[in-house]
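> sharing a sequence plus its predicted fold:
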Amino acid sequence: NRVRVIPGGIDVEHFASEFPRSEARELLGWDQNRPLLLTVRRLVRRTGVAELIEAMVAVRERHPEVLLLIAGTGPQEKRLAELVDALRLQDHVRLLGFLPDEHLPLAYRAADLSVVPTQSLEGFGLIAAESLAAGTPPIVTPVGGLPEVVRGVSAELVTDDISIEAIGERLGQVLAGEVAMPSPGECRQYAQEHFGWSEVARRVLGVYGEVL
């Protein structure tokens, strides 16, 4: 009863791009007429990028126009490229490599959904909060602090488990409109109210006030 939990903070205004999705895609040179999924990850095993790529087999069957964009680098990069080829997903999965920080707000905004498919060892999950601040719903696995970041805006943003099947099923449901997603405005407002630095600072101050 003496524990106080304060979330991580982000610069909400930095990620709150006012560009329409179509304009963000145009600025990045991304496809205008396809459902776009974005994952921003270090390419290591625990972050679940391999599982997400495998889940795209089922997602593609339901949504032939879908495209997954993977931003990030890491030791698994070659293996993941080989996995894309082995699953014949070249038209549906694209590895972008390193994406500069200044491009992240546009990238989040350009996507229909972001995905955080972590398999283990996740802390707070800043990526999910950043995506919310940009107005894009993040689909996350139930690992570490990720559910705490998104459940307050919609419990449907959390997959049933970390499996390939669960990730693919939730993405397919969302793309088909079978699961309601929060609007861009709702995502931004939630991020501002819960993860903005002024709110985090207020809560930290409140803990010191209790101690005094």
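Arrived safely, thanks for sending. Numbers count the residues shown, from 1 in each chain.

> any chance you could map the strands in this protein?
Ranges of strands in the chain, per DSSP state E, are 36-40, 67-71, 93-97, 113-116, 138-140.

> okay, the ones you listed, which one's buried deepest?
strand 138-140 (a mean of 28; mean count of other C-beta atoms under 10 Å). Where C-beta positions appear, they are placed from N, C-alpha and C, glycine not excepted.

> contacts only, for Val149.
7, 124-125, 128-129, 132, 138, 140, 195 (C-beta atoms under 8 Å, 6 or more residues apart in numbering).

> how about a cut-off of 6 Å?
For Val149, the contact set (C-beta atoms under 6 Å, 6 or more residues apart in numbering) comprises 125, 128-129.

> any idea of the pLDDT on Asn1?
Per-residue confidence at Asn1 stands at 86 (pLDDT).

> what of Leu38?
Leu38 is assigned a pLDDT of 98 by the prediction.

> contact partners for it?
Under the criterion of C-beta under 6 Å, 6+ apart, the neighbours of Leu38 are 69, 107, 111, 114.

> quick check, nearest of the residues you listed to Glu26?
Nearest to Glu26 among these is Ala107, at 13.0 Å by C-beta to C-beta.

> per-residue pLDDT of Gly123, please?
Note on Gly123: pLDDT of 88.

> just give the number of residues close to it.
11 (other C-beta atoms under 10 Å).

> ok, now which ones touch it?
144-145 are the contacts of Gly123 under C-beta under 6 Å, 6+ apart.

> Pro7 versus that one, what's the distance?
For Gly123, the distance to Pro7 (C-beta to C-beta, to the nearest Å) stands at 11 Å.

> mind checking how far the closest residue in space to Gly74 that isn't next to it in sequence is from Ala180?
Nearest in space to Gly74, with sequence neighbours left out and distances taken as C-beta to C-beta, 6 or more residues apart in numbering, is Leu43 at 3.1 Å. Separation of Leu43 from Ala180 (C-beta to C-beta): 32 Å.

> coming back round to it: with distance to Ala81 added, can I get the strands of the chain in a markdown table?
Formatted as a markdown table, the strands of the chain follow (distance: least, C-beta to C-beta, whole Å):
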| stretch | distance to Ala81 |
| --- | --- |
| strand 36-40 | 15 |
| strand 67-71 | 10 |
| strand 93-97 | 6 |
| strand 113-116 | 18 |
| strand 138-140 | 23 |
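
> for those strands, which one sits closest to Asp85?
Using C-beta to C-beta as the measure, strand 93-97 is the one of those that comes nearest Asp85, at 9.7 Å.

> which elements pack onto that closest one?
Packing partners of strand 93-97 (3 or more C-beta pairs under 6 Å, 6 or more residues apart in numbering; DSSP states H and E): strand 67-71.

> neighbour count winner among Leu43 and Ala180?
Set Leu43 next to Ala180 and count neighbours by other C-beta under 10 Å: Leu43 wins out with 21 against 10.
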